[in-house]
Every structure is written in structure tokens, then in C-alpha cells.
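Participant: Got a predicted model here, sequence first, then my questions.
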Amino acid sequence: MLNWIGGKGLGTKLLLDEVPPRCDPLGPDNKLIIVCGPLTGTSFPTCNRYGMLFKSPLTGTFAESYSGGDVARYMRATGNMVVVVEGASDAPVYVLVSESGARFHDAGDLWKKDTFATRDALKGRHGKESESVVIGPAGENLVRIACVQNNKHHSAGRCGPGAVMGSKKLKAVVFTGTARPVINKRPEFQAIIEESLDRLRGNPLLYGPDGVYRKYGTPSIVEWTNEIGCFPTRYYARGYSDGAERFGANAINSTILKRRLGCWGCPFTCRKHVKVDDGPFACELDGPEYETIANFGGLCDIRDIAAIAKINEYCDRVGVDTISAGSLCGLAIEARRRGLIPGLKDVLIDYENPSSVLRFLEDMVNLRGIAADFALGTRHVEQKFGLHGIAMHVKGLEFAGYDPRAFRGFALSYGVAPEGPTHLRSTYHAIEQGLTPSYEGRVLPMIEQEDKIAIIDSLIVCKFIRNILDWDIMARLYTVVFGENIDIQGLRAMAARIVTGSRVFNAREGFSRKDDYLPERVFKEKLPRKAGPAHELDKVAYDRMLDEYYTARGWNHDGLPPDV
């Protein structure tokens, strides 16, 4: 436990120890590992997150996904920091986890219900002092981009955890209990909390009452990604949208925002509760976040925040990852326009046509027609229909909401992240966007960010406070929580062990250097931007960064750790 902390670290260790190599991700041997961290349920700011780790049915890799809300504190209140789901049921079930243990309940009456109805039913059944993680029809139908929902609008989204639950006929896991972490009572812990809150108060532009997070939330990212030219538009044809003012943060605040909300224990309330009162896109939800906007507003060129909100609500109800869903819809539009997939000829999906995108999503979730192929992910569509010059993915995972051609170190992060092109394994884009373009001096800072995020995801706290969590304060947190002194060098070594653990898992599954490259399109096509020269990414220089990265990590030329 000490060497793996909790959260991501503990989940990585359990995946390595308990999931047999080359097992079927949708078979009974795969395991779903639900984790919280040693800070979960305490009064430390933003310790409201849980994680899910598993072998991905979308990519075949190590996978992890995290979500906020308040389900994590209920999980910790059961007295458990980890729940491991293994095997498979013959009939639909849900699991109730409490201080007394775990009990299985029949879920036949919940099967085929959407995530909202399921959550409400379980809340009614087990009381207000309970919370659940649930799947919708997408997970039941083994859609490879199916996510897990909690608190209705919070998603453990990427890589298909909902499909893993669906393969086990597991509709939900409910948590209830009264246990409380003891470290809240330690004076040293309270001193670190006060220092952390002081750091938050000292950065009012981000965390203050009128700061970016509270006033605008993640949709504020639309403005700078559009400005620097990495906002993915019309399935990666360019790095900016000329309709961004219709779906960015100001559009949300001035048209559909109803109130600002926060996760449990959060001091800066970045969530936005929105409502579209009438019309074809009438809906009510928490969101949309930046990634949803980028993948539907950008890749599908939907220039209407009400329509994006409606699509977001649908994805939350049925339980699909909005990042992968938007990317797959964008790919379908582009393939149809180019006449590359005969089965799309009579499918009316197109840019600037949100109703057609919503219909295609419905077909995807319900495995109807050609959309059933898209339900298996971008890599499947690419291989089946020969879309190697168009499809954008790494290891089978669709890109996050940042075109990598605008970056260097962050482009490398897309390639080497264990599950593929996620923005959350290093968050280096937030640093690199302010630097001059260069391939030199990017690798080691990116590695430091990877290591830092590995600790943040092991503790588990929200990545939005990464600006106040330096190595010193994280080392002191570890020392107070575990009663074992550790310095920054020791914590960095622990982080590197966790990162390497995910690489070992992938190596067992047959992944190596060949899988760390971005698609050829990224290297061959320049990325037009609104102003200034087009972005471009050089493959030879990327190759050199891979060498430098592997050497710094202590892996061999093929990206394999020792003794693999």
C-alpha cells in the first residue's frame, strides 16, 4: 500500500497482479477495479473523486477513468478504498457495498433503463445516504465507448468501463456507510489543508469568486484553443472554428446557464447547471464541458450550444463517452462526404446538422445499421473500411479535444499515454501552449508532469488544483497520511514506478514502440490556424523524442521496461 499510495497506484498494482495477460476485455477474467484514495472523504479540498481501472475493450490496453461528484465519499464511508469486480453474472445484478460487506441484488427491473432513471431508483431504494455508479443502454449493449455515470451528469468516461460492467451484467454498484477517515483529526493534516486553501485564495484569477473556474468553467478553454489553433474542427481539417462564439463560455453564460454547482468538498464550483427551456433541443443537465464542446462543436461543426447541450444530455442518459462519441460522429461525416463507406450513403449525417448527429448516436447505442460498426470504435472502422489516411486515434482511443499538431511534448504525451491520446495523463498542454515551438527540452518537463499527475490520481484529488500542489506539499501529505517520511526524490521514484506499471501491463498485451506513434495524417497534413502559419509536426523529431522519453524512463529502444 505504501509503495502504491491508493487510487491509480493501487489500481495499477491490482491490475498487474490479478488480470491475466491477453484475457478478453469483455470476458469474465477481466476485472473492474474501483478505487478511491487516502484523501477521499477528508476535508482536503477536491478529494471527491474515484477511479476505475480495467483492461479496455476499446483499446486492449491498461485503462483508467476518473469522475467527481460525491460518490467517492460514500464509497469511503463503507470503510473500503477499493472494490474489485470479477467474473460475470448470468442475469442482471447490482451490488450494494456497505460496512457489512457486499451483497448482490437482482437488477432485472433496472436493465434497459437509462442512467438517470437507474440512479433515481437506487436512491429511492437505499436512501439519501447512498450513491451509485451506473451504466445505461450503451453499456448493456457492449458499445465499446460506453462510460459509467454517477450523480447523473458525472462520467467515468474513457476507454469503455461501461462495456466492462455490461459484460458482467452489472447494472450498478451502490455505496452506503458511516465510516470516516481518521486523518481529519491530525493537526499536521489540518495545517496542510489550511496552507492549500491559502494557496487557492492566493490565485483568485483561477479559483476566486470571479475566477475562471467558477465564472466560466472548462468551456473557457474554447477561447484559447481556438486562438492558438488547436481546436479540432471538421474532423481535424483545421485548428479553429469560425463559429466558436456560439458555443463557448460566454454563449453558455448568456443563454442557458441556470446556476453554478460544485462537487462535494470543492471550494470553487466549476460546474454549470444549464437548461434549454423549449424547442427541439430542450434539455437540462450539468455541462457541457470543454471536451464535449470540442468533439461535437468542433469535430462535427455544430454551432449551437443548445444542440450541444441536448447531445450531451443524451450521452449522459445512455452512458457513452462524449469525447469518443463526437469523434466517431465526425469520422462518419467525413467518410460519408468522401464516399468511403457505402453503408453511409443513405445516412443523413453531416456537419452543422445536430439532429442528424443525434440520430446517428441513437443508432450507434442501439447497434442499428452501419452505426453498429462505429459502436466498436475508430480503430475497428479504420481497419474494416480502409480509412488509414483519415481516422484519428492512437492505440484505438479517439483524440481528446486538442489537435496535437500545435504541440511537441504534449503530442508525445498523446502517443505514450498507456491508453492513447488523453489530455489527462500529463496535462502538459496547459504548460506548453505558452512556450515557443521546439522539440528540444520538452521531454523531461512532460515526464515530470506525468509523474505529478500519477500522484494526484493516486491521492485522488481534482486535477484542477494541480497548480497549488507542488512536489513538496504532496510529499508532506504522503508523510502525514502514511506516517512514513518521504522526500521529493522518493515520491518521484514512486510516481515513476506507477507509470512504469501501466507500461508493463501494456507490454504483456503486446504493445511497444510501434503503438506510440500518432497517425500518419498528423505528420503529413499541416493544421491551418486562424492567424499565423499552419502548425505541423515532424515525424523524425517525434521519433527522437520517443528515444529520449524511453531513455529517461529506463525503458529500452522498443519502449519496454526491464524484465518484460
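Facilitator: That came in fine, so what should we check first?

Participant: which helices and strands does the host helix or strand of residue 116 pack with?
Facilitator: Assigned by DSSP states H and E, residue 116 belongs to helix 115-126. Helix 115-126 sits against strand 131-134, strand 148-150, strand 170-175, helix 305-318, with contacts defined as 3 or more C-beta pairs under 8 Å, 6 or more residues apart in numbering; DSSP states H and E. Glycine gets a C-beta too; all of them are placed from N, C-alpha and C.

Participant: got the contact list for residue 420?
Facilitator: 59, 61, 393-397, 414 (C-beta atoms under 8 Å, 6 or more residues apart in numbering).

Participant: buried stuff in the helix holding residue 116?
Facilitator: 115-116, 118-119, 121-122, 126 (16 or more other C-beta atoms under 10 Å).

Participant: Same question for stretch 18-34.
Facilitator: Those would be 19, 25-26, 29-34, for stretch 18-34 by 16+ other C-beta under 10 Å.

Participant: quick one: which of those is nearest to residue 349?
Facilitator: residue 26 (27.3 Å; C-beta to C-beta).

Participant: shouldn't the closest one be in contact with residue 141?
Facilitator: No: contact criterion C-beta atoms under 8 Å: residue 26 and residue 141 do not qualify, at 11.7 Å.

Participant: how about residue 284, secondary structure?
Facilitator: Of the three states, residue 284 takes strand under DSSP: H, G, I helix; E, B strand; the rest coil.

Participant: what separates it from residue 254, distance-wise?
Facilitator: Distance of residue 284 to residue 254, given as C-beta to C-beta, to the nearest Å: 18 Å.

Participant: who's more crowded, those two?
Facilitator: residue 284 (14 against 9; other C-beta atoms under 10 Å).

Participant: Now do the contacts for the nearest residue in space to that one that is not next to it in sequence.
Facilitator: In space, and not counting its chain neighbours, residue 284 is closest to residue 275: 4.4 Å by C-beta to C-beta, 6 or more residues apart in numbering. By C-beta under 8 Å, 6+ apart, the contact list for residue 275 reads 256, 258, 283-284.

Participant: CSV for those, including distance to residue 389?
Facilitator: CSV is the format used below for those (distance: C-beta to C-beta, whole Å):
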residue, distance to residue 389
256, 38
258, 44
283, 36
284, 41
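
Participant: which among the residues you listed end up buried?
Facilitator: Among those, those classed as buried by 16+ other C-beta under 10 Å are 256, 283.

Participant: picking that back up, just the closest of the contacts of residue 420 to residue 204, please.
Facilitator: For the contacts of residue 420, the nearest to residue 204 is residue 414 (32.3 Å; C-beta to C-beta).

Participant: List of residues touching the helix or strand hosting that closest one?
Facilitator: Here residue 414 is covered by helix 409-416, with elements defined by DSSP H and E. For helix 409-416, the surrounding residues in contact (C-beta under 8 Å, 6+ apart) are 394, 399-400, 402, 404-405, 420-423, 425-426, 428-429, 432, 442-443, 445-446, 449-450, 516-518, 522, 537, 542, 545-546, 549, 559.

Participant: what's the next secondary structure element after that helix?
Facilitator: Taking DSSP H and E, what comes next after helix 409-416 is helix 429-432.

Participant: name the helices or strands packed onto that following helix?
Facilitator: Contact here means 3+ C-beta pairs under 8 Å, 6+ apart; on that basis helix 429-432 packs against helix 409-416.

Participant: hmm, 10 Å instead?
Facilitator: Helix 429-432 makes packing contacts with helix 221-228, helix 409-416, helix 443-459 when contacts are defined by 3 or more C-beta pairs under 10 Å, 6 or more residues apart in numbering; DSSP states H and E.

Participant: which one in this structure is furthest away from the centre?
Facilitator: Going by C-alpha atoms, centre = their mean, the residue of the chain most distant from its centre is residue 187, 34.5 Å out.

Participant: thinking again about what came up before, turn the buried residues of stretch 18-34 into CSV, columns for secondary structure, distance to residue 472 and pLDDT.
Facilitator: Listed next are the buried residues of stretch 18-34 as CSV, based on DSSP: H, G, I helix; E, B strand; the rest coil; distance: C-beta to C-beta, whole Å; pLDDT from 0 to 100:
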residue, secondary structure, distance to residue 472, pLDDT
19, coil, 35, 98
25, coil, 39, 98
26, coil, 43, 98
29, coil, 42, 98
30, coil, 39, 98
31, coil, 35, 98
32, strand, 35, 98
33, strand, 30, 98
34, strand, 31, 98
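
Participant: which among those gets closest to residue 389?
Facilitator: residue 25 (27.8 Å).

Participant: Residue 507 versus the closest one, what's the distance?
Facilitator: Residue 25 is 17 Å from residue 507, by C-beta to C-beta.

Participant: same deal with residue 331?
Facilitator: On the measure of C-beta to C-beta, residue 331 and residue 507 end up 29 Å apart.

Participant: neighbour count winner among those two?
Facilitator: Ranked by neighbour count (other C-beta under 10 Å), residue 331 and residue 507 place residue 331 first, with 27 against 20.

Participant: Now do the contacts for residue 427.
Facilitator: Listed by C-beta atoms under 10 Å, 6 or more residues apart in numbering, the contact set of residue 427 reads 410, 413, 446, 449-450, 452-453, 456, 463-464, 466.

Participant: quick one on the thing from earlier: among the helices and strands packed on helix 429-432, which is the most enclosed?
Facilitator: Highest mean neighbour count among those (mean count of other C-beta atoms under 10 Å): helix 409-416, with a mean of 26.

Participant: any low-confidence regions in the stretch 251-400 of the chain?
Facilitator: For the stretch 251-400 of the chain, no stretch is flagged by pLDDT under 70.

Participant: where exactly do the helices run in it?
Facilitator: Along the stretch 251-400 of the chain, counting by DSSP state H, counting those that start in this stretch, helices occupy 290-292, 305-318, 322-338, 354-365, 371-374, 378-385.

Participant: Redo the ones you listed as CSV? Include distance to residue 182.
Facilitator: Converted to CSV, those look like this (distance: least, C-beta to C-beta, whole Å):
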stretch, distance to residue 182
helix 290-292, 37
helix 305-318, 36
helix 322-338, 38
helix 354-365, 44
helix 371-374, 49
helix 378-385, 46
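
Participant: Can you tell me which of the ones you listed is nearest to residue 528?
Facilitator: Across the helices of the stretch 251-400 of the chain, residue 528 has its closest neighbour in helix 322-338 (15.9 Å, C-beta to C-beta).

Participant: what is the orientation angle of the closest one with helix 354-365?
Facilitator: 110 degrees (axes from the mean of the first three to the mean of the last three C-alpha atoms, to 10 degrees).

Participant: Taking helix 305-318 as reference, get the angle to helix 322-338.
Facilitator: Using the same axes, to 10 degrees: helix 322-338 against helix 305-318 is 120 degrees.

Participant: From residue 247, how far off is the residue nearest to residue 312 when sequence neighbours are not counted?
Facilitator: Excluding the flanking residues, the one nearest residue 312 by C-beta to C-beta, 6+ apart is residue 288, at 4.4 Å. As for residue 288, its distance to residue 247 is 8 Å (criterion: C-beta to C-beta).

Participant: And residue 543, by the same measure?
Facilitator: Taking C-beta to C-beta, one finds residue 543 at 37 Å from residue 247.

Participant: Those two: who's more crowded?
Facilitator: A side-by-side neighbour count of residue 543 and residue 247, using other C-beta under 10 Å, places residue 247 first with 28 against 13.

Participant: The more buried one reaches residue 309, doesn't it?
Facilitator: Yes: here residue 247 reaches residue 309: they are 9.3 Å apart, a contact under C-beta atoms under 10 Å.

Participant: any common contacting residues for the two?
Facilitator: By C-beta under 10 Å, 6+ apart, residue 247 and residue 309 have these common neighbours: 255, 288, 292-293, 296.

Participant: Buried residues, the lengthiest helix in the chain. List them.
Facilitator: For the chain, the helix that runs over the most residues, judged by DSSP state H, is helix 488-508. Buried residues in helix 488-508, counted by 16+ other C-beta under 10 Å: 491-492, 494-507.
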